[in-house]
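Student: I need the structure of the sequence given here:
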Amino acid sequence: MKLTGKWMFSALLAVFLMAGVTTGAATWAQDPQQSSADDRVIEDALNAIRNQETEKGMGMLQGLADQANSEALFHLAEMSRLGVGGKQSMTVAIMYYRLAGKLGNEKAAMKLANILYFDGEGTPTEISEALAIWQTYALQDNAEALYLLGLIYWNGENGRTPDPLRGYGLIWRAAARGYNDAIQSELTMRAQLPGDARAVGQAYGERLAQLGFTDELIGMDLLVEGWQPDEKTAAEKPDDWTAVWRLEVGFAMREDDANTMLAQIKRDHGEVIVGLFGEVVEAPNRIGRYRLLFGPVDSLHSAVNLCVSLKRGGFDCFAKPPT
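Tutor: As a prediction, the model looks like this:
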């Protein structure tokens, strides 16, 4: 019988529990020889899918997934997210990402956290799960998790009080590990912090494994009165919009509608676009139609995060990369 939805979840979870995997942390251990053999099966399955033998490849992945193979579950999640071999389903993809993450698959756990935080409904449950995953992997020195948490603590997102020195310490640690987005962010943050405050943030970053994450704010007395985490002055208009990360809001529309939308966003969602230049420009290949741009934005994650906020405000928003 083919299992779908919650029944597939229940069956797989039962297999994992019998195998000694709890829902709180992975305790699964494989024989190295078996693991190597499973890796070959996964590669054969992916090759089959690439060669249009989708049913064969998906069956091979499902067979390993039924044995609690986290890498097979990760690839099944990817296939469900993309709609390979059947109907595209983010719900099923999230189920597979979550199961693979419980088995200790870092890629799956990080993908799950990003989906929940950036593409979810913004519920407290989703936000809490995403933050818990990022915190777990930040303590294991995952640079992306360090970077994302750094931005969240720095800005005080989702109703949290800004904790800039904790945020800076996380960004500093991610930058020290060569994470490109963090390198530029660290320079921007560094310029806004007094020297003694930077030192406290870096000390926290160095001792992250020992200090962990708490709700207690770090070193707020070292910040000058009235300090704000973001520059409030608007950015200058980019010389070339296609050369920067930017937000494209709305679809091709009449010029007066685009200007009305620009005014509405500035009035009702000014905190989202603070520091960005907003402009109505003619849509390419659509004579007489216009679109709304905001930017420049410093990175992919910042662009996606800002778009999520605008989407929650009821606006179609797309994070566009430099080309």
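Student: Residues contacting stretch 248-262, please?
Tutor: Here stretch 248-262 makes contact (Cβ atoms under 8 Å, 6 or more residues apart in numbering) with 265, 278-280, 283, 286, 288-294, 310, 315-318, 320. Backbone N, C-alpha and C define where each C-beta goes, glycine included.
Student: Taking those residues, please make a PyMOL selection of just the buried ones.
Tutor: Under the burial definition 16 or more other Cβ atoms under 10 Å, those of the contacts of stretch 248-262 that qualify are selected in PyMOL by:
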select buried, resi 265+278+279+280+283+289+290+291+292+293+294+310+315+317+318+320
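Student: Let's see which of the contacts of stretch 248-262 end up in strands.
Tutor: Gly278, Glu279, Val280, Tyr290, Arg291, Leu292, Leu293, Phe294, Cys317, Phe318, Lys320 (DSSP state E).
Student: out of everything not next to it in sequence, what's closest to the third one?
Tutor: The shortest distance from Val280 to any residue other than its chain neighbours is 4.3 Å, reached at Ala258 (Cβ to Cβ, 6 or more residues apart in numbering).
Student: and that neighbour, that's in a helix?
Tutor: Yes: under DSSP: H, G, I helix; E, B strand; the rest coil, Ala258 falls within a helix.
Student: quick one: the residue nearest the centre of the chain and Gln62, what's the gap?
Tutor: The centroid of the chain falls nearest to Asn114 when counting by Cα atoms, centre = their mean (3.0 Å). According to Cβ to Cβ, to the nearest Å, Asn114 and Gln62 sit 25 Å apart.
Student: before we move on, which element is Ala59 in?
Tutor: Careful, residue 59 is Gly and not Ala. Per DSSP states H and E, Gly59 falls inside helix 54-65.
Student: Give the other helices and strands that that helix contacts.
Tutor: Helix 54-65 is packed against helix 32-50, helix 70-82, with contacts defined by 3 or more Cβ pairs under 8 Å, 6 or more residues apart in numbering; DSSP states H and E.
Student: what's the burial count for Ala113?
Tutor: 25 (other Cβ atoms under 10 Å).
Student: Please, which helix or strand holds it?
Tutor: Per DSSP H and E: helix 106-119 holds Ala113.
Student: neighbouring contacts of that helix?
Tutor: For helix 106-119, using Cβ under 8 Å, 6+ apart, the contacting residues are 70, 73-74, 77, 90, 93-94, 96-98, 100-101, 126-127, 129-131, 133-134, 136-137, 140, 142, 144-145, 148, 304-305, 308.
Student: Where does pLDDT dip in the chain?
Tutor: For the chain, applying pLDDT under 70 flags the ranges 1-33, 224-235.
Student: what about the helices in it?
Tutor: Counting by DSSP state H, the chain has helices at residues 5-18, 32-50, 54-65, 70-82, 90-102, 106-119, 124-138, 143-155, 164-176, 180-192, 195-206, 208-211, 255-268, 300-312.
Student: Show me how far the shortest one is from its chain's centre.
Tutor: It refers to helix 208-211. 23 Å (Cα atoms, centre = their mean, to the nearest Å).
Student: re the thing from before, tilt between the helix holding Gly59 and helix 70-82?
Tutor: Using axes from the mean of the first three to the mean of the last three Cα atoms, to 10 degrees, the direction of helix 54-65 lies 140 degrees away from that of helix 70-82.
Student: how about helix 54-65: buried residues?
Tutor: Those buried within helix 54-65 under the rule 16+ other Cβ under 10 Å are Gly57, Met58, Met60, Leu61, Gln62, Leu64, Ala65.
Student: For Tyr137, which residues are in contact?
Tutor: Contacts of Tyr137 by Cβ under 8 Å, 6+ apart are Glu106, Ala109, Met110, Ala145.
Student: swap in Gln62?
Tutor: Ala72, Leu76.
Student: Provide the count of other residues in contact range of Val281.
Tutor: 13.
Student: Could you verify my assumption that it touches Gly295?
Tutor: No: between Val281 and Gly295 there is no contact under Cβ atoms under 8 Å: 11.3 Å.
Student: Overlap of the contact sets of those two?
Tutor: What both Val281 and Gly295 touch, as defined by Cβ under 8 Å, 6+ apart, is the set Trp241.
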